[in-house]
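[1] Requesting a structural model of the entry that follows:
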Amino acid sequence: MTIRVDIVSMEKPIFSGEATFVSIPTEAGEMGVTPMHTQTLSILRPGEVRVHQPDGTVVRYFVGFGVLEVQPMVVSIIADWALTEADAQGIDAAELEAKLSEESAMIADYEQRIGHDRSRRAAQMGAFHARHGRRTSLKTKCSL
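    Just a heads-up that it's a prediction; the model follows:
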């Protein structure tokens, strides 16, 4: 049994074909997907996507930030940039290092904003509960 995999960058489609297994870098860590996987929507992180093809070969792709959608029989990877392994080998090392540095800075900024947003929301919830008290449920507050 196989699963269809579509990898698309902002510029062009990179890959569309069948796979028995796909390994994908996500916000939550490395995700492995097989046919009949649970539906999932996740943030794609920069890294290596490994597509295990039905003939046993493993093809590698390199992606930037984006979105991952998994359906039971389809994996859709939409990235701001994506390269085939051959494309990556043709890139100048300095250019690749600059791209990696830029992506690393974006990751650090993203993680900092998430931490700040979580702290702010926790403070807002604390202030709300201090002003209004914590409600246990609507049924205990309302008479029917």
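[2] Can you find the helix or strand in the chain with the smallest mean pLDDT?
    Considering only helices and strands, the least confidently modelled element of the chain by mean pLDDT, DSSP states H and E is helix 138-141, at a mean of 50.
[3] can you pull the contacts of residue 73?
    In this structure, residue 73 makes contact with 3, 4, 35, 36, judged by CB atoms under 8 Å, 6 or more residues apart in numbering. (C-beta placed from N, C-alpha, C; glycine too.)
[4] Next one: it from residue 21, what distance?
    If you measure residue 73 against residue 21 using CB to CB, to the nearest Å, the figure is 14 Å.
[5] Check residue 30 too.
    The spacing between residue 30 and residue 21, counted by CB to CB, is 12 Å.
[6] Looking only at neighbour counts, state which of those two leads.
    For residue 30 versus residue 21, the count of surrounding residues by other CB atoms under 10 Å is larger for residue 21: 17 against 12.
[7] So what sits opposite the nearest residue to the more buried one once chain neighbours are set aside in the bridge?
    With sequence-adjacent residues excluded and distances taken as CB to CB, 6 or more residues apart in numbering, residue 21 is closest to residue 52, at 4.1 Å. The residues listed as beta-bridge partners of residue 52 by DSSP bridges are residue 21, residue 58.
[8] mind giving me the domain ranges of the protein?
    3-89, 93-131 (automatic domain parsing).
[9] Of these, which shows the lowest average pLDDT?
    Set side by side, the domains of the chain give their lowest mean pLDDT on domain 93-131, at a mean of 78.
[10] buried set for that one?
    99, 103 (16 or more other CB atoms under 10 Å).
[11] Centre of the chain to it, how far?
    Here the centre of domain 93-131 is set off from its chain's centre by 15 Å, with CA atoms, centre = their mean, to the nearest Å.
[12] Residue 44 against residue 81, yeah?
    No: Residue 44 is not in contact with residue 81 according to CB atoms under 8 Å; the separation is 11.0 Å.
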